[in-house]
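S.K.: Sequence below, structure please.
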Amino acid sequence: MAVSVLTLLTLAACGTESGSGSGSGDGSGTVRSTPPVTGVRWGVDSVTVGGKRSAAPAGAHVEIGTKGRASGSYGCNRFTAEVRIDGDALTVEPGTTTEMGCEKDIQRFETLMSRAFSGRLTAAATDKKLTLTTAKGDTIALTSQPPAPLTGTDWRITTLLSGSSVSSLPAGTEKAARIAFGKDGTVHGTLGCNSFRGKAAVNGSAVTFGPLVTTRKMCPDPEMRLERALRQVLDGKRTTYRIDRRTLSLTAQGGKGLGASAAE
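M.R.: The predicted structure is shown next:
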């Protein structure tokens, strides 16, 4: 898949640089240059099926490997798939996906995305945009995304971690929790119900949280369950963090943790 898309990008007009004897053939005396494709996280903007466009949820993305393998997220569940290359076309083979329960609207998008990102596709790229088109004319629109830094990023909490297990947030709280780290060593956000602020000392891949100051509202059970789970990770704990492009994971010493995506 990477080879196929890289070939297409090489043919696309993505920039210019001076050259001699190898111009573009249009009399401009320029040589085409292209952005890298492999190792880039492509954020999914939308899927258009039957002429109807559906915007992608935060976190939906595709990453293209160098050996004909694609992986990513439909918006809630993650997937992997093998890809066969045939010139400028690619064929996405049936792959694997996680099976977490998702919010109704996200589940609907995941169904559309999984059906579109399968079988024989053609690819077209311009600058930082990529479009994949099915044989029926349905399309997936994508944009390359730079890595997100820990500080200065609005992180939307998307999953709960317990050891090697990953679970979705309680139903109805999928957009309720966020966390942001300041360059001045502060942290703030929402726990699902109450907002919070405090200190967060970053040292290498570790973050040590000071006591959190929170509001004291009482909320419905799903929000309170989420809040209790997040406090096990953040309240006065030393955690380790890892960023994979635009995905953050925080894991406390006892194995409890959270996963988050950079808000778009």
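
S.K.: what about Arg120, neighbour count?
M.R.: 13 (other Cβ atoms under 10 Å). Just so you know, the C-beta spots here come from the backbone N, C-alpha and C atoms, and that holds for glycine as well.

S.K.: Could you do the one 4 residues further on as well?
M.R.: Applying other Cβ under 10 Å, we find 16 residues neighbouring Ala124.

S.K.: doesn't Thr131 make contact with it?
M.R.: Yes - contact criterion Cβ atoms under 8 Å: Ala124 and Thr131 qualify, at 4.9 Å.

S.K.: Pull the residues that contact the host helix or strand of Thr190.
M.R.: Element membership of Thr190 [criterion: DSSP states H and E] is strand 186-191. Contact with strand 186-191 is made by 155, 176-182, 195-200, 209, 214, 226-227, 230-231, 234, as judged by Cβ atoms under 8 Å, 6 or more residues apart in numbering.

S.K.: same deal with stretch 55-64?
M.R.: Here stretch 55-64 has contacts from 1-2, 5, 37-38, 40-47, 70-76, 105-106, 109, 113, 117, 142, 145, 156, 158, 245-247, 261, 263-264, using Cβ under 8 Å, 6+ apart.

S.K.: do stretch 158-173 as well
M.R.: 59, 76, 98, 100-103, 157, 174, 176-177, 192, 220, 222-223, 225-226, 229, 249, 251, 255-261.

S.K.: Just the ones of those in strands?
M.R.: Among these, the members falling in strands (DSSP state E) are Ile157, Ala177, Ser249, Thr251, Lys256, Gly257, Leu258, Gly259, Ala260, Ser261.

S.K.: out of those, who's nearest Thr151?
M.R.: Proximity of the ones in strands among the contacts of stretch 158-173 to Thr151 (Cβ to Cβ) peaks at Ala260, which lies at 13.7 Å.
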